[in-house]
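1. mind looking at a prediction? Sequence and model below.
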There are 4 protein chains.
Amino acid sequence: MKYGNTNTIIIIVANCDYMFHYKIVFKLFVSFIIIVMLMSFIKPDKKKKIIFFGDSITQLGIKPGGYIPQLDTLLKKEGLTDYQLEGAGISGNKVYDLYLRIDSDVIAKNPDIVFIYIGINDIWHKVTHGTGTDPDKYEVFYKAIIKKLTDKNIKVIVCTPTVIGERNDYSNQQDGELNMYSNIIRNMARKQSIPICDLRNAFEKYLTENNSKNLEKGILTLDRIHLNDKGNLLVAQQMLQAIKEMK
Amino acid sequence: MKYGNTNTIIIIVANCDYMFHYKIVFKLFVSFIIIVMLMSFIKPDKKKKIIFFGDSITQLGIKPGGYIPQLDTLLKKEGLTDYQLEGAGISGNKVYDLYLRIDSDVIAKNPDIVFIYIGINDIWHKVTHGTGTDPDKYEVFYKAIIKKLTDKNIKVIVCTPTVIGERNDYSNQQDGELNMYSNIIRNMARKQSIPICDLRNAFEKYLTENNSKNLEKGILTLDRIHLNDKGNLLVAQQMLQAIKEMK
Amino acid sequence: MKYGNTNTIIIIVANCDYMFHYKIVFKLFVSFIIIVMLMSFIKPDKKKKIIFFGDSITQLGIKPGGYIPQLDTLLKKEGLTDYQLEGAGISGNKVYDLYLRIDSDVIAKNPDIVFIYIGINDIWHKVTHGTGTDPDKYEVFYKAIIKKLTDKNIKVIVCTPTVIGERNDYSNQQDGELNMYSNIIRNMARKQSIPICDLRNAFEKYLTENNSKNLEKGILTLDRIHLNDKGNLLVAQQMLQAIKEMK
Amino acid sequence: MKYGNTNTIIIIVANCDYMFHYKIVFKLFVSFIIIVMLMSFIKPDKKKKIIFFGDSITQLGIKPGGYIPQLDTLLKKEGLTDYQLEGAGISGNKVYDLYLRIDSDVIAKNPDIVFIYIGINDIWHKVTHGTGTDPDKYEVFYKAIIKKLTDKNIKVIVCTPTVIGERNDYSNQQDGELNMYSNIIRNMARKQSIPICDLRNAFEKYLTENNSKNLEKGILTLDRIHLNDKGNLLVAQQMLQAIKEMK
């Protein structure tokens, strides 16, 4: 978009040049260069767009107290003001739902960076609907999503899924699968040298230290899955870190 | 491909003709016509390729007694000798597995007609693995498969899924879902005017008449799902009908 | 209870008889016989207690518009006033939940007749929780419930499960299993000569005639499972029939 | 049984005593006492019967190399020769299957001690059949089994379920549930002061130390679930410990 504007100006210059003497043309050209240089100071604006691509956690994450506004605040506190954040979360989404809507909901919006935060429903729906995602298919579709983005030179940060239940002794029903699918993401990220925001790891650490009663919910989540303000803050903090490491 | 070759020859003739006298050109043209006519006798081959795209039923369907050789026999009996049949079935496949491998396993092979025969695992794996396919996603991926094929001018025939259990009073565990997903296919076919081979309907009729003891298996299947020779024959007969109606 | 009262009277007579001359005793005895005979005409109150033993459908069935008050109304309309109806339904119950609470919730209350109406959750929870009941275990526990009741000379009427979804072309997800488990009940009832109230059969007939749009809910249910007033009425009508046939 | 024999002797003595003079009787009585005392040294055979009550792991556990013969060997090595071991495992059993067959398969055989080793299928069948056991029902039936045994003065040792997959970083699909159900058993044992044989804990420790490649199977199991000789040995060792602590 910004580059598009610049090109337009150049074309106008090019179309006009034959109407003037060379000197005038030269002066205009110099003026143009100066203007462009000034613009880079005056409008350093061209903000980098970050899209958060996920499920209901992300759909709720755009609300006040959600991880997206909280991340926005954290970024500004750090003086990182050149980011524009946008949510693309839909409740109930699994990895292939993201795959099916990536063109319209993400790529069409020209992001610079995309956080992929998906997996809870791929695991959870196994028991609640019988329609979870096989681990190998999870990986295939996840890779296809990454490829679609990197083919467009969009930077990708992958996130591990957070929690379904907050007990800290691995006695939540889906802990085994959350760890399994997190390992899939970790291995993919390592092999493809993609930055990772290891939310699950951060949640595990936090709950080990802050859930002495081994409660199922109420520490970082409202209902075992969806994040309360503290949970949203923890996600925001991890994402801030990932953005800073990317620069 | 065949039309491609012909065009190439015509272009060569076209490019060459101004270099010669008319007589020579005429002789060449006559020779060319004769060669083409001879080719049509020598290579009456240009057979229409039909690919059967599915799961383990199709993977087994290429074996002796399978529905593909049985259909081949039926076609020849009817004097329909210009078809070349090819299986593309992989055990355990669900609708999105077909979607993921359609380019390499089907489109790359330039079929003229494709039978899509998928759905058993989308339903069955709900209970056996927790990784079945939601009805709405089944439809989305099914439509995407159809679109990929019709975009390449490949003709499509959709099949309804056969059976998981052969009882004829709708008391097989997945009967409800098999009917539900069959209805999805029927509606899709009707709306898009795509020919349908309603295997489930044919199986229901056959079992109503030929399963008086209401057995779970052994009439058309070996194990409630995979077809015995009679089951393969019934599929072949239905497909023969669909091919004849398409002409 | 009523027999208890009668015994008490006899004992009083027995205890008193030695205090009087034989003549007086004889007169008293004759009077007593007359009183007892009169009582059998007056039919004071000794109502037959019917307990409805089930899940959430029965738990809701005791509310105004529920099948229990509607059945009460129907019985009275028919002049069958000697029944006392009592609900024993708990939401989420499966067959073994009934088994575990039958002593405290049913037998301890001395019913004359018990309607067993269980099975929806045994089937439904397969997909929603992964904790449905295997068909063979369903039968084992069901038989154990029947035995516990018949051992106490309590009459049993078994009911087939109604619906999970109201489509009338067997395209509701659990239709296959509902039919399978209904067949288990039908076979059990036939072999043990236990009266059956075939609710599923009645619902199927009603929906074939009254659900021309093949809707999933709203005809006899609110939400595919729990009954609206018409659904409750249909259950009440079927149960009335079963009670009348039992007499 | 042993007490039965003793009683028989006493009765014989009692029946005989009137036939003799007191002196002879006294001599006989002294002799009898001496014999009884000697018998208590000879310790004829009155072995304690231990029954292992469980699923396919126990069904296989009676075979050569299984945990029952291995435990027999370990007991003898320790000089604990007064135990008689008997398997009561049936493939596919869940907690309520044990409940349903406890009278015929366990109590009728007059055991002194019963190891309860059940839970794998209660968890595993959630995903493979949709018919696992809810945690609360698991506990209810487990307690009912314990009660049936302790009511007969049979000693109970409860075992936590071993593994479904041998990865040691809690990334096996059912790790969360195995831990959850193990916690149910641990809490029950603690509250009721029942000795526990914490197999899961022992397996976790062993796999942390001996599965450096984080393999899914092949260390203690053949197929993620059923035990190889090493797995059977580890179970036998844990049970030996539990028996020794019970004495």
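-> Nice, I can see it. Since the model is a prediction, treat every value here as computed from it, not as a measurement. Numbers count the residues shown, from 1 in each chain, chains lettered A, B, ... in the order given.
2. what helix or strand does the most centrally placed residue in chain A sit in?
-> With distances taken as CA atoms, centre = their mean, chain A has A:F115 as the residue nearest its mean C-alpha position (1.9 Å). When elements are assigned from DSSP states H and E, A:F115 belongs to strand A:113-117.
3. so what does that strand touch, helix or strand wise?
-> Under the contact criterion of 3 or more CB pairs under 8 Å, 6 or more residues apart in numbering or on different chains; DSSP states H and E, strand A:113-117 touches strand A:48-54, helix A:135-150, strand A:155-159, helix A:229-246. For the C-beta atoms, the positions are set from N, CA and C on the backbone; glycine is no exception.
4. 7 Å instead, please
-> With contacts defined as 3 or more CB pairs under 7 Å, 6 or more residues apart in numbering or on different chains; DSSP states H and E, the packing partners of strand A:113-117 are strand A:48-54, strand A:155-159.
5. so that strand versus helix A:229-246, what angle?
-> Using axes from the mean of the first three to the mean of the last three CA atoms, to 10 degrees, the direction of strand A:113-117 lies 140 degrees away from that of helix A:229-246.
6. contact partners of strand A:113-117?
-> Residues from elsewhere that reach strand A:113-117, judged by CB atoms under 7 Å, 6 or more residues apart in numbering or on different chains: A:48, A:50-54, A:57-58, A:106, A:145, A:149, A:154-159, A:197, A:239.
7. count of neighbours near A:K191?
-> If you count neighbours by other CB atoms under 10 Å in any protein chain shown, A:K191 ends up with 9.
8. what pLDDT does it get?
-> According to the prediction, A:K191 has pLDDT 98.
9. ok, A:V30 next?
-> 70.
10. if I look at it, how far off is A:G61?
-> Distance of A:V30 to A:G61, computed by CB to CB, to the nearest Å: 49 Å.
11. ok, now A:L85?
-> When distance is defined by CB to CB, A:L85 is 10 Å away from A:G61.
12. so which residues on chain A come close to chain B?
-> Applying CB under 7 Å from any CB of the partner chain, we find that chain A lies next to chain B at A:Y96, A:L100, A:K126, A:V127, A:G130, A:T131, A:G132, A:T133, A:D134, A:K137, A:V140.
13. looking at those, which is nearest D:D229?
-> For the residues of chain A next to chain B, the residue nearest D:D229 by CB to CB is A:D134; the value is 32.5 Å.
14. wait, that closest one touches B:T133, no?
-> No: the criterion here is CB atoms under 7 Å, and A:D134 misses it with B:T133 at 10.8 Å.
15. between the two, which one's more packed in?
-> Legend: neighbour count by other CB under 10 Å for A:D134 and B:T133, higher for B:T133 (26 against 18).
16. ignoring the adjacent residues along the chain, who's closest to A:L178?
-> In space, and not counting its chain neighbours, A:L178 is closest to A:P161: 5.6 Å by CB to CB, 6 or more residues apart in numbering or on different chains.
17. could I get the contacting residues of that neighbour?
-> Taking CB under 7 Å, 6+ apart, we find A:P161 in contact with A:G119, A:I120, A:L178, A:Y181, A:S182, A:R200.
18. wasn't it part of a strand?
-> No: using DSSP: H, G, I helix; E, B strand; the rest coil, the assignment for A:P161 is coil, not a strand.
19. gap between it and A:R101?
-> When A:P161 is compared with A:R101 (using CB to CB), they lie 19 Å apart.
20. show me which residues of chain A sit near chain C.
-> So chain A meets chain C at A:V127, A:T128, A:H129, A:G130 (CB under 7 Å from any CB).
21. report the buried members of those.
-> Buried subset of these (neighbour count, 16 or more other CB atoms under 10 Å in any protein chain shown): A:V127, A:H129, A:G130.
22. and stretch A:223-243, does that touch chain D?
-> No: judged by CB under 7 Å from any CB, stretch A:223-243 stays clear of chain D, getting no closer than 11.9 Å.
23. meant to ask about stretch A:186-198, not that
-> No: counting by CB under 7 Å from any CB, no contacts exist between stretch A:186-198 and chain D, the nearest distance being 10.5 Å.
24. for that stretch, measure first residue to last.
-> Terminal residues of stretch A:186-198 lie 8 Å apart, using CA to CA, to the nearest Å.
25. restrict the residues of chain A next to chain C to those near chain D?
-> The subset of those within reach of chain D, by CB under 7 Å from any CB, is A:V127.
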